[in-house]
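Engineer: Okay, here's the prediction I keep looking at, along with the sequence it came from:
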Amino acid sequence: SLSSMRLSLGYLEELLTIKKSNLVSAINEVYKRYEGVGDLYEKNVEAGAGANGWTAMLVTDGDKTQAQINSFQTKTLEDFGAVNGQDSSAAIQAAFDWSAQNGGALIKGKQGSTYIIDVANYPTESNIFKLNGSINFDGQLCTFKIKNGFGDYHALIARQSGDVRIKNLIIDENTLNNPLTLAQSNDKNFRSTMFLWGAKNDNTCEIENITFKDWCGIWQITTNNFSRGFIKNCKLFASTASVTWIDRTSMYVGIHGAEISGNRFDGMGNDIATTVIESHASGQIIKDNYAIGYRNSMYLVNDPLDTLSLSYQDVVVRDNKFINTAKGICFWNTFASRDIKNVKVFNNTVRLNSHLSASKFIYPTQFGIGTLYGGWENTKFEDIKINDNDIEFILNSDDAANDSTVSHGIQLNNFLDGKGYYARNVEIKNN
(Lines give C-alpha, C1' and ligand atoms only; values in the text may rest on other atoms or scores of the structure.)
Protein backbone atom coordinates (compact mmCIF):
# COMPACT_ATOMS: atom_id res chain seq x y z
CA SER A 1 0.00 0.00 0.00
CA LEU A 2 1.07 3.64 -0.41
CA SER A 3 1.20 4.18 3.36
CA SER A 4 3.59 1.29 3.93
CA MET A 5 5.71 2.49 0.98
CA ARG A 6 5.97 5.95 2.59
CA LEU A 7 7.09 4.32 5.82
CA SER A 8 9.78 2.43 3.95
CA LEU A 9 10.96 5.62 2.20
CA GLY A 10 11.08 7.33 5.57
CA TYR A 11 13.17 4.45 6.84
CA LEU A 12 15.48 4.97 3.84
CA GLU A 13 15.88 8.69 4.69
CA GLU A 14 16.70 7.76 8.26
CA LEU A 15 19.40 5.39 7.05
CA LEU A 16 20.88 8.14 4.87
CA THR A 17 21.35 10.38 7.86
CA ILE A 18 22.85 7.67 10.03
CA LYS A 19 25.21 5.71 7.83
CA LYS A 20 25.68 6.12 4.10
CA SER A 21 27.16 2.62 3.79
CA ASN A 22 23.67 1.19 4.41
CA LEU A 23 22.24 2.97 1.38
CA VAL A 24 22.62 0.09 -1.06
CA SER A 25 21.07 -2.51 1.25
CA ALA A 26 18.18 -0.17 2.07
CA ILE A 27 17.43 0.44 -1.59
CA ASN A 28 17.53 -3.30 -2.26
CA GLU A 29 15.15 -3.95 0.62
CA VAL A 30 12.60 -1.44 -0.67
CA TYR A 31 12.96 -2.73 -4.23
CA LYS A 32 12.46 -6.38 -3.26
CA ARG A 33 9.47 -5.51 -1.10
CA TYR A 34 7.65 -3.78 -3.94
CA GLU A 35 9.07 -5.60 -6.91
CA GLY A 36 6.27 -6.65 -9.25
CA VAL A 37 3.63 -4.36 -7.73
CA GLY A 38 2.90 -2.90 -11.15
CA ASP A 39 2.61 -6.33 -12.75
CA LEU A 40 0.32 -7.49 -9.94
CA TYR A 41 -1.91 -4.47 -10.50
CA GLU A 42 -2.14 -5.24 -14.22
CA LYS A 43 -3.04 -8.87 -13.51
CA ASN A 44 -5.83 -7.85 -11.18
CA VAL A 45 -7.20 -5.33 -13.66
CA GLU A 46 -7.28 -8.07 -16.28
CA ALA A 47 -9.12 -10.27 -13.77
CA GLY A 48 -11.83 -7.65 -13.58
CA ALA A 49 -10.96 -6.21 -10.18
CA GLY A 50 -10.50 -2.60 -11.32
CA ALA A 51 -11.17 -0.22 -8.47
CA ASN A 52 -13.88 -2.37 -6.92
CA GLY A 53 -11.77 -3.47 -4.00
CA TRP A 54 -10.70 -6.87 -2.74
CA THR A 55 -12.25 -10.13 -3.99
CA ALA A 56 -11.09 -13.71 -3.68
CA MET A 57 -10.41 -13.72 -7.43
CA LEU A 58 -7.55 -11.19 -7.17
CA VAL A 59 -4.05 -12.42 -7.93
CA THR A 60 -2.00 -12.33 -4.73
CA ASP A 61 0.90 -14.72 -5.20
CA GLY A 62 2.51 -15.26 -8.59
CA ASP A 63 -0.31 -16.39 -10.85
CA LYS A 64 -2.49 -17.67 -7.98
CA THR A 65 -5.67 -15.96 -6.90
CA GLN A 66 -6.65 -15.66 -3.26
CA ALA A 67 -9.39 -18.26 -3.88
CA GLN A 68 -6.76 -20.75 -5.03
CA ILE A 69 -4.61 -20.03 -1.99
CA ASN A 70 -7.63 -20.41 0.28
CA SER A 71 -8.32 -23.83 -1.23
CA PHE A 72 -5.32 -25.13 0.70
CA GLN A 73 -6.85 -24.01 3.98
CA THR A 74 -8.79 -26.35 6.25
CA LYS A 75 -11.56 -25.58 8.71
CA THR A 76 -13.82 -27.73 10.88
CA LEU A 77 -17.57 -27.68 11.37
CA GLU A 78 -16.86 -26.56 14.93
CA ASP A 79 -15.20 -23.42 13.54
CA PHE A 80 -18.66 -22.45 12.28
CA GLY A 81 -20.48 -23.33 15.51
CA ALA A 82 -21.40 -27.00 15.11
CA VAL A 83 -21.86 -28.86 18.42
CA ASN A 84 -22.05 -32.60 19.05
CA GLY A 85 -25.59 -33.67 19.93
CA GLN A 86 -27.15 -30.29 19.13
CA ASP A 87 -28.77 -28.60 16.15
CA SER A 88 -25.89 -27.73 13.82
CA SER A 89 -27.85 -27.00 10.64
CA ALA A 90 -26.80 -23.35 10.31
CA ALA A 91 -23.17 -24.19 11.03
CA ILE A 92 -23.07 -26.93 8.37
CA GLN A 93 -24.57 -24.64 5.72
CA ALA A 94 -22.11 -21.86 6.67
CA ALA A 95 -19.23 -24.31 6.35
CA PHE A 96 -20.38 -25.45 2.91
CA ASP A 97 -20.76 -21.80 1.83
CA TRP A 98 -17.23 -20.99 3.01
CA SER A 99 -15.82 -23.96 1.10
CA ALA A 100 -17.62 -22.86 -2.08
CA GLN A 101 -16.51 -19.23 -1.69
CA ASN A 102 -12.91 -20.37 -1.39
CA GLY A 103 -12.67 -22.63 -4.41
CA GLY A 104 -13.48 -25.90 -2.66
CA ALA A 105 -11.48 -25.44 0.54
CA LEU A 106 -11.51 -28.46 2.85
CA ILE A 107 -14.06 -28.76 5.67
CA LYS A 108 -13.75 -31.51 8.28
CA GLY A 109 -16.22 -32.99 10.73
CA LYS A 110 -15.24 -34.48 14.07
CA GLN A 111 -15.03 -38.24 14.40
CA GLY A 112 -17.75 -39.60 16.67
CA SER A 113 -19.80 -36.40 16.67
CA THR A 114 -23.50 -36.43 15.79
CA TYR A 115 -24.78 -33.19 14.34
CA ILE A 116 -28.56 -32.84 14.59
CA ILE A 117 -30.43 -31.45 11.59
CA ASP A 118 -33.26 -29.31 12.98
CA VAL A 119 -34.22 -26.40 10.75
CA ALA A 120 -36.97 -24.27 12.26
CA ASN A 121 -39.90 -23.60 9.92
CA TYR A 122 -38.23 -25.59 7.19
CA PRO A 123 -40.01 -25.02 3.84
CA THR A 124 -41.26 -28.20 2.18
CA GLU A 125 -40.48 -28.94 -1.46
CA SER A 126 -36.99 -27.58 -0.89
CA ASN A 127 -33.46 -28.68 0.03
CA ILE A 128 -31.88 -28.58 3.47
CA PHE A 129 -28.22 -28.02 2.54
CA LYS A 130 -27.39 -26.24 -0.72
CA LEU A 131 -23.99 -26.51 -2.41
CA ASN A 132 -23.57 -23.16 -4.16
CA GLY A 133 -20.15 -23.84 -5.68
CA SER A 134 -17.35 -26.38 -5.34
CA ILE A 135 -17.15 -28.02 -1.91
CA ASN A 136 -14.77 -30.47 -0.28
CA PHE A 137 -16.02 -32.18 2.90
CA ASP A 138 -14.31 -34.92 4.93
CA GLY A 139 -16.72 -35.94 7.65
CA GLN A 140 -14.10 -37.93 9.58
CA LEU A 141 -16.93 -40.44 10.28
CA CYS A 142 -19.21 -37.92 11.94
CA THR A 143 -23.01 -38.30 11.66
CA PHE A 144 -25.68 -36.04 10.20
CA LYS A 145 -28.94 -37.04 11.92
CA ILE A 146 -32.41 -35.77 11.08
CA LYS A 147 -34.25 -34.80 14.28
CA ASN A 148 -37.38 -36.56 15.49
CA GLY A 149 -40.50 -35.41 13.67
CA PHE A 150 -38.61 -33.22 11.19
CA GLY A 151 -41.10 -33.89 8.41
CA ASP A 152 -40.72 -34.48 4.68
CA TYR A 153 -38.17 -32.73 2.48
CA HIS A 154 -36.88 -32.74 -1.08
CA ALA A 155 -33.16 -33.42 -0.46
CA LEU A 156 -30.74 -33.39 2.46
CA ILE A 157 -27.77 -32.24 0.34
CA ALA A 158 -28.38 -30.60 -3.02
CA ARG A 159 -25.82 -29.33 -5.51
CA GLN A 160 -26.44 -26.07 -7.33
CA SER A 161 -23.06 -25.78 -9.11
CA GLY A 162 -19.37 -26.70 -8.92
CA ASP A 163 -17.37 -29.80 -7.99
CA VAL A 164 -18.49 -32.11 -5.19
CA ARG A 165 -16.12 -34.05 -2.94
CA ILE A 166 -17.69 -35.72 0.10
CA LYS A 167 -16.27 -38.62 2.08
CA ASN A 168 -16.30 -40.35 5.48
CA LEU A 169 -19.81 -39.39 6.53
CA ILE A 170 -22.69 -41.24 8.23
CA ILE A 171 -26.21 -40.09 7.33
CA ASP A 172 -29.07 -41.15 9.60
CA GLU A 173 -32.47 -40.08 8.27
CA ASN A 174 -34.04 -41.38 11.48
CA THR A 175 -37.07 -42.90 9.79
CA LEU A 176 -38.31 -44.62 12.95
CA ASN A 177 -38.94 -41.20 14.49
CA ASN A 178 -39.54 -39.37 11.20
CA PRO A 179 -41.47 -41.71 8.91
CA LEU A 180 -42.20 -40.76 5.32
CA THR A 181 -45.77 -39.47 5.10
CA LEU A 182 -46.22 -38.41 1.48
CA ALA A 183 -48.66 -40.01 -0.93
CA GLN A 184 -47.41 -41.92 -3.98
CA SER A 185 -48.49 -39.15 -6.34
CA ASN A 186 -46.28 -36.56 -4.67
CA ASP A 187 -42.89 -36.42 -6.36
CA LYS A 188 -41.59 -33.18 -4.81
CA ASN A 189 -40.80 -34.05 -1.19
CA PHE A 190 -39.30 -37.41 -1.89
CA ARG A 191 -36.30 -37.36 0.43
CA SER A 192 -33.42 -37.73 -1.95
CA THR A 193 -30.49 -37.88 0.45
CA MET A 194 -27.80 -36.51 -1.91
CA PHE A 195 -29.23 -34.82 -4.99
CA LEU A 196 -26.15 -33.78 -6.99
CA TRP A 197 -27.58 -32.60 -10.27
CA GLY A 198 -25.83 -30.16 -12.56
CA ALA A 199 -26.51 -28.20 -15.71
CA LYS A 200 -23.62 -29.39 -17.89
CA ASN A 201 -20.86 -31.99 -18.09
CA ASP A 202 -17.89 -30.02 -16.80
CA ASN A 203 -17.41 -30.88 -13.11
CA THR A 204 -16.03 -33.54 -10.79
CA CYS A 205 -18.06 -35.67 -8.37
CA GLU A 206 -16.22 -37.83 -5.83
CA ILE A 207 -18.26 -39.68 -3.20
CA GLU A 208 -16.47 -42.11 -0.89
CA ASN A 209 -17.22 -44.04 2.29
CA ILE A 210 -20.69 -42.66 2.98
CA THR A 211 -22.95 -44.78 5.20
CA PHE A 212 -26.70 -44.31 4.73
CA LYS A 213 -27.75 -45.72 8.04
CA ASP A 214 -31.51 -45.58 7.66
CA TRP A 215 -33.45 -44.29 4.65
CA CYS A 216 -36.92 -44.55 3.23
CA GLY A 217 -37.15 -41.96 0.47
CA ILE A 218 -36.71 -42.32 -3.28
CA TRP A 219 -33.01 -41.84 -4.09
CA GLN A 220 -29.98 -41.93 -1.84
CA ILE A 221 -27.16 -40.84 -4.19
CA THR A 222 -28.35 -39.07 -7.34
CA THR A 223 -25.73 -37.61 -9.70
CA ASN A 224 -25.92 -36.27 -13.22
CA ASN A 225 -24.01 -34.10 -15.70
CA PHE A 226 -20.53 -34.65 -14.24
CA SER A 227 -17.56 -35.24 -16.52
CA ARG A 228 -15.43 -37.27 -14.11
CA GLY A 229 -15.38 -38.81 -10.65
CA PHE A 230 -16.24 -41.92 -8.63
CA ILE A 231 -18.57 -43.42 -6.03
CA LYS A 232 -16.69 -45.89 -3.86
CA ASN A 233 -17.04 -47.89 -0.65
CA CYS A 234 -20.47 -46.58 0.36
CA LYS A 235 -22.95 -48.53 2.50
CA LEU A 236 -26.72 -48.19 2.07
CA PHE A 237 -29.23 -49.75 4.46
CA ALA A 238 -32.97 -49.55 3.83
CA SER A 239 -35.35 -48.62 6.61
CA THR A 240 -37.02 -51.51 8.40
CA ALA A 241 -40.29 -49.57 8.24
CA SER A 242 -42.34 -50.56 5.19
CA VAL A 243 -43.06 -47.60 2.94
CA THR A 244 -44.89 -47.54 -0.38
CA TRP A 245 -43.38 -45.37 -3.11
CA ILE A 246 -43.31 -45.06 -6.87
CA ASP A 247 -39.63 -44.94 -7.84
CA ARG A 248 -36.72 -45.90 -5.64
CA THR A 249 -33.12 -46.14 -6.83
CA SER A 250 -30.33 -46.21 -4.27
CA MET A 251 -27.58 -45.03 -6.63
CA TYR A 252 -28.34 -43.06 -9.82
CA VAL A 253 -25.01 -42.34 -11.51
CA GLY A 254 -24.70 -39.82 -14.33
CA ILE A 255 -20.93 -39.32 -14.00
CA HIS A 256 -19.10 -39.79 -17.30
CA GLY A 257 -16.17 -42.20 -16.92
CA ALA A 258 -16.95 -42.91 -13.26
CA GLU A 259 -15.67 -45.81 -11.21
CA ILE A 260 -18.50 -47.29 -9.15
CA SER A 261 -16.87 -49.82 -6.87
CA GLY A 262 -16.86 -51.48 -3.49
CA ASN A 263 -20.34 -50.33 -2.50
CA ARG A 264 -22.65 -52.40 -0.27
CA PHE A 265 -26.45 -52.34 -0.43
CA ASP A 266 -28.94 -54.04 1.90
CA GLY A 267 -32.57 -53.66 0.83
CA MET A 268 -33.66 -56.01 3.62
CA GLY A 269 -36.32 -57.38 1.25
CA ASN A 270 -38.29 -54.19 1.86
CA ASP A 271 -40.78 -52.72 -0.60
CA ILE A 272 -38.74 -49.51 -0.76
CA ALA A 273 -35.72 -51.33 -2.16
CA THR A 274 -36.48 -51.22 -5.87
CA THR A 275 -33.21 -50.66 -7.77
CA VAL A 276 -29.58 -50.83 -6.66
CA ILE A 277 -27.69 -48.90 -9.37
CA GLU A 278 -28.72 -47.00 -12.48
CA SER A 279 -25.82 -46.21 -14.81
CA HIS A 280 -26.66 -43.16 -16.96
CA ALA A 281 -23.29 -42.21 -18.51
CA SER A 282 -20.68 -43.75 -20.78
CA GLY A 283 -17.18 -44.87 -19.86
CA GLN A 284 -18.10 -46.22 -16.45
CA ILE A 285 -16.45 -49.13 -14.66
CA ILE A 286 -18.91 -50.82 -12.29
CA LYS A 287 -17.15 -53.45 -10.21
CA ASP A 288 -16.98 -55.25 -6.87
CA ASN A 289 -20.37 -54.07 -5.64
CA TYR A 290 -22.59 -56.26 -3.42
CA ALA A 291 -26.37 -55.99 -3.02
CA ILE A 292 -28.99 -58.14 -1.32
CA GLY A 293 -32.77 -57.95 -1.23
CA TYR A 294 -33.52 -55.51 -4.10
CA ARG A 295 -36.16 -56.01 -6.76
CA ASN A 296 -33.85 -54.81 -9.56
CA SER A 297 -30.08 -54.88 -9.38
CA MET A 298 -28.70 -52.72 -12.19
CA TYR A 299 -29.97 -50.65 -15.13
CA LEU A 300 -27.62 -49.65 -17.96
CA VAL A 301 -29.45 -46.67 -19.49
CA ASN A 302 -28.86 -44.96 -22.86
CA ASP A 303 -29.46 -41.54 -21.33
CA PRO A 304 -29.05 -38.51 -23.68
CA LEU A 305 -28.18 -36.25 -20.72
CA ASP A 306 -24.62 -37.59 -21.04
CA THR A 307 -23.63 -35.15 -23.77
CA LEU A 308 -19.99 -36.26 -23.79
CA SER A 309 -20.84 -39.25 -26.00
CA LEU A 310 -23.34 -39.96 -28.76
CA SER A 311 -24.16 -43.42 -27.39
CA TYR A 312 -24.21 -45.29 -24.11
CA GLN A 313 -20.85 -46.95 -24.67
CA ASP A 314 -17.53 -48.22 -23.35
CA VAL A 315 -18.91 -49.56 -20.07
CA VAL A 316 -17.53 -52.47 -18.02
CA VAL A 317 -19.65 -54.37 -15.48
CA ARG A 318 -17.63 -56.98 -13.63
CA ASP A 319 -17.23 -58.91 -10.38
CA ASN A 320 -20.49 -57.70 -8.84
CA LYS A 321 -22.79 -59.84 -6.67
CA PHE A 322 -26.55 -59.34 -6.64
CA ILE A 323 -28.27 -61.68 -4.17
CA ASN A 324 -32.02 -62.31 -3.80
CA THR A 325 -33.13 -60.16 -6.71
CA ALA A 326 -35.82 -60.46 -9.36
CA LYS A 327 -33.91 -58.71 -12.16
CA GLY A 328 -30.13 -58.73 -12.40
CA ILE A 329 -28.29 -56.63 -15.00
CA CYS A 330 -30.67 -54.83 -17.35
CA PHE A 331 -29.86 -53.13 -20.65
CA TRP A 332 -32.44 -50.35 -20.64
CA ASN A 333 -32.49 -48.73 -24.08
CA THR A 334 -35.38 -46.50 -23.19
CA PHE A 335 -34.45 -43.48 -25.38
CA ALA A 336 -34.86 -43.39 -29.16
CA SER A 337 -31.90 -42.88 -31.54
CA ARG A 338 -29.28 -43.52 -28.85
CA ASP A 339 -27.32 -46.75 -29.15
CA ILE A 340 -25.88 -49.10 -26.54
CA LYS A 341 -22.39 -50.06 -27.72
CA ASN A 342 -19.22 -51.75 -26.51
CA VAL A 343 -20.45 -52.98 -23.14
CA LYS A 344 -18.69 -55.86 -21.36
CA VAL A 345 -20.52 -57.82 -18.65
CA PHE A 346 -18.41 -60.54 -17.04
CA ASN A 347 -17.67 -62.42 -13.80
CA ASN A 348 -20.87 -61.26 -12.11
CA THR A 349 -23.06 -63.35 -9.80
CA VAL A 350 -26.85 -62.98 -9.90
CA ARG A 351 -29.05 -65.00 -7.54
CA LEU A 352 -32.70 -64.84 -8.61
CA ASN A 353 -35.27 -65.24 -5.86
CA SER A 354 -38.92 -64.23 -6.22
CA HIS A 355 -39.14 -63.70 -2.47
CA LEU A 356 -36.20 -61.26 -2.19
CA SER A 357 -36.28 -62.04 1.52
CA ALA A 358 -37.08 -65.19 3.45
CA SER A 359 -40.81 -64.62 3.81
CA LYS A 360 -42.11 -62.21 1.18
CA PHE A 361 -43.23 -63.07 -2.33
CA ILE A 362 -42.46 -59.91 -4.29
CA TYR A 363 -41.88 -60.35 -7.99
CA PRO A 364 -42.90 -63.18 -10.34
CA THR A 365 -40.92 -62.27 -13.51
CA GLN A 366 -37.17 -62.71 -13.27
CA PHE A 367 -34.02 -62.67 -15.38
CA GLY A 368 -30.33 -62.68 -14.67
CA ILE A 369 -29.11 -60.52 -17.58
CA GLY A 370 -31.41 -59.02 -20.17
CA THR A 371 -33.03 -56.14 -22.00
CA LEU A 372 -35.72 -54.06 -20.38
CA TYR A 373 -38.25 -52.04 -22.37
CA GLY A 374 -35.92 -52.61 -25.31
CA GLY A 375 -36.48 -51.50 -28.86
CA TRP A 376 -37.18 -47.81 -29.14
CA GLU A 377 -36.91 -46.36 -32.62
CA ASN A 378 -33.51 -46.25 -34.35
CA THR A 379 -31.72 -47.92 -31.45
CA LYS A 380 -28.72 -50.19 -31.97
CA PHE A 381 -27.47 -52.81 -29.55
CA GLU A 382 -23.99 -53.79 -30.72
CA ASP A 383 -20.55 -55.00 -29.67
CA ILE A 384 -21.87 -56.53 -26.44
CA LYS A 385 -20.04 -59.25 -24.49
CA ILE A 386 -21.77 -61.28 -21.78
CA ASN A 387 -19.27 -63.83 -20.53
CA ASP A 388 -18.37 -65.91 -17.47
CA ASN A 389 -21.32 -64.86 -15.31
CA ASP A 390 -23.01 -67.11 -12.70
CA ILE A 391 -26.80 -66.97 -12.63
CA GLU A 392 -28.57 -68.95 -9.91
CA PHE A 393 -32.29 -69.68 -9.50
CA ILE A 394 -33.89 -70.20 -6.11
CA LEU A 395 -37.20 -72.06 -6.41
CA ASN A 396 -39.71 -71.26 -3.67
CA SER A 397 -42.71 -73.44 -2.83
CA ASP A 398 -45.24 -70.93 -4.16
CA ASP A 399 -43.39 -70.37 -7.45
CA ALA A 400 -44.65 -73.62 -8.93
CA ALA A 401 -48.23 -72.77 -8.02
CA ASN A 402 -47.96 -69.31 -9.57
CA ASP A 403 -48.37 -69.53 -13.34
CA SER A 404 -47.04 -65.98 -13.79
CA THR A 405 -43.60 -66.88 -12.44
CA VAL A 406 -41.18 -66.72 -15.38
CA SER A 407 -37.42 -67.01 -15.00
CA HIS A 408 -34.79 -66.51 -17.69
CA GLY A 409 -31.05 -66.72 -17.23
CA ILE A 410 -30.29 -64.41 -20.14
CA GLN A 411 -33.00 -62.73 -22.21
CA LEU A 412 -32.20 -60.30 -25.00
CA ASN A 413 -35.29 -59.31 -26.91
CA ASN A 414 -37.21 -56.49 -28.51
CA PHE A 415 -40.64 -56.73 -26.96
CA LEU A 416 -41.70 -53.19 -27.83
CA ASP A 417 -41.14 -53.83 -31.56
CA GLY A 418 -39.36 -50.51 -32.13
CA LYS A 419 -38.65 -49.41 -35.67
CA GLY A 420 -35.03 -49.69 -36.79
CA TYR A 421 -33.96 -51.64 -33.71
CA TYR A 422 -31.29 -54.26 -34.22
CA ALA A 423 -28.54 -56.18 -32.41
CA ARG A 424 -25.14 -56.88 -33.90
CA ASN A 425 -21.91 -58.49 -32.68
CA VAL A 426 -23.28 -59.92 -29.45
CA GLU A 427 -21.07 -62.52 -27.72
CA ILE A 428 -22.44 -64.80 -24.98
CA LYS A 429 -19.93 -67.34 -23.65
CA ASN A 430 -19.10 -69.46 -20.60
CA ASN A 431 -22.07 -68.39 -18.47
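Structural biologist: Sure thing, it's come through. Quantities reported herein were computed from a predicted structural model and do not represent experimental measurements.
Engineer: any idea how far Asn132 is from Val83?
Structural biologist: 24 Å (C-beta to C-beta, to the nearest Å). All C-beta spots, glycine's among them, are computed from the backbone N, C-alpha and C.
Engineer: And Ala158, by the same measure?
Structural biologist: 24 Å.
Engineer: higher neighbour count, those two?
Structural biologist: Ala158 (20 against 14; other C-beta atoms under 10 Å).
Engineer: Tell me where the model's unsure across the stretch 1-150 of the chain.
Structural biologist: 1-72, 120-125 (pLDDT under 70).
Engineer: Please name the residues that touch the nearest residue to Lys147 once chain neighbours are set aside.
Structural biologist: Excluding the flanking residues, the one nearest Lys147 by C-beta to C-beta, 6 or more residues apart in numbering is Asp118, at 4.1 Å. Contact analysis of Asp118 by C-beta atoms under 8 Å, 6 or more residues apart in numbering lists Asp87, Ser89, Lys147, Phe150.
Engineer: how much space between Asp118 and Ser88?
Structural biologist: Separation of Asp118 from Ser88 (C-beta to C-beta): 9 Å.
Engineer: and what of Ile171?
Structural biologist: 14 Å.
Engineer: Of these two, give the one with the bigger neighbour count.
Structural biologist: Counted by other C-beta under 10 Å, Ile171 and Ser88 do not tie: Ser88 has more neighbours, with 27 against 23.
Engineer: do you know how far that one is from Asn320?
Structural biologist: Distance from Ser88 to Asn320, by C-beta to C-beta: 37 Å.
Engineer: got it, and Gly104?
Structural biologist: 31 Å.
Engineer: Those two: which has the busier surroundings?
Structural biologist: Asn320 (26 against 22).
Engineer: what residues are up against that one?
Structural biologist: So Asn320 contacts Ile286, Lys287, Asp288, Asn289, Tyr290, Ala291, Ser297, Met298, Asn348, Thr349 (C-beta under 8 Å, 6+ apart).
Engineer: for it, phi and psi?
Structural biologist: Dihedral pair for Asn320: phi -100, psi 160, per degrees, to the nearest 10.
Engineer: before we move on, the earlier item: now, which of the contacts of Asp118 sits nearest Ile166?
Structural biologist: Of all the contacts of Asp118, Ile166 sits closest to Ser89, with 16.9 Å by C-beta to C-beta.
Engineer: Enumerate every residue touching that closest one.
Structural biologist: Contact partners of Ser89, counting by C-beta under 8 Å, 6+ apart, are Ile116, Ile117, Asp118, Val119, Ile128, Phe129.
Engineer: same deal with Asn178?
Structural biologist: Ile146, Lys147, Asn148, Gly149, Phe150, Gly151.
Engineer: Also Ile255?
Structural biologist: Taking C-beta under 8 Å, 6+ apart, one finds Cys205, Thr223, Phe226, Ser227, Arg228, Gly229, Phe230, Ile231, Ala281, Gln284 in contact with Ile255.
Engineer: and the second one, what element?
Structural biologist: What that stands for is Thr223. Element membership of Thr223, judged by DSSP states H and E, is strand 219-226.
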